[in-house]
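Engineer: Curious how this folds, go ahead:
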Amino acid sequence: MRLTSRSGRHQAKIELQMTSMIDCVFLLLIFFMVTSSFHKTERELDPAVKVQQAAAQAASDLAPPMVDIVRGTGGFVYRLGGREFTSTEPLEAVLKQFENKLVPAAVRAEDGAPFLMAASAIQACKSAGFSLVSYVPLDREPAR
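Structural biologist: Numbers count the residues shown, from 1 in each chain. Here you go, the predicted structure:
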């Protein structure tokens, strides 16, 4: 049982209209040429950007502030670097002078230091603008 005739298949020729396809190709080419943007490559950027990044990196390389609670002449004192403080107000004023508040501050306390002093030192760091404050017990090696 044959459904199609062979004679009809040989007589029909397929023709493609190329005009409309060429028009579409040119329209796409013009579209992409008009909408493309040309940016400078990274190596052609201003070198001042590198200097600013280096300055930001140098600021983050600074040592974080360490507040030590140690025995002084009249009892326990706060020590920040080479300076000693007996109350939190001058300690907080010095901590506010640090430029990079993104580095975490640390509070270290000797054995036997009052808990109130450690809590006050942590609060002084928070009030000075440090977002991260950590507490570390201060281990002293015995003198030889």
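
Engineer: residue nearest the centroid of the chain?
Structural biologist: Most central in the chain under CA atoms, centre = their mean is Leu102, positioned 9.6 Å from the mean C-alpha point.

Engineer: Pro64 is in contact with that one, correct?
Structural biologist: No: in this structure Leu102 lies outside contact range of Pro64 using CB atoms under 8 Å: 9.8 Å. The way it works is simple: take the backbone N, C-alpha and C, and place the C-beta from them, glycine included.

Engineer: which stretches of this structure form helices?
Structural biologist: 6-11, 18-35, 48-60, 88-95, 115-127 (DSSP state H).

Engineer: Using PDB, write down the CA coordinates of the last one.
Structural biologist: Looking back up the chat, that one is helix 115-127. Extracted as PDB, the C-alpha positions of helix 115-127 are listed here (Å, rounded to 0.1, in the frame of the first residue of the first chain):
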ATOM      1  CA  PHE A 115      36.500  40.900  86.700                       C
ATOM      2  CA  LEU A 116      35.100  44.500  86.700                       C
ATOM      3  CA  MET A 117      38.300  45.800  85.300                       C
ATOM      4  CA  ALA A 118      38.300  43.300  82.400                       C
ATOM      5  CA  ALA A 119      34.600  44.000  81.700                       C
ATOM      6  CA  SER A 120      35.300  47.800  81.800                       C
ATOM      7  CA  ALA A 121      38.300  47.400  79.400                       C
ATOM      8  CA  ILE A 122      36.100  45.500  76.900                       C
ATOM      9  CA  GLN A 123      33.400  48.200  77.200                       C
ATOM     10  CA  ALA A 124      36.000  50.900  76.600                       C
ATOM     11  CA  CYS A 125      37.100  49.200  73.400                       C
ATOM     12  CA  LYS A 126      33.500  48.900  72.300                       C
ATOM     13  CA  SER A 127      32.800  52.500  73.100                       C
END
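
Engineer: Done for today, thanks.
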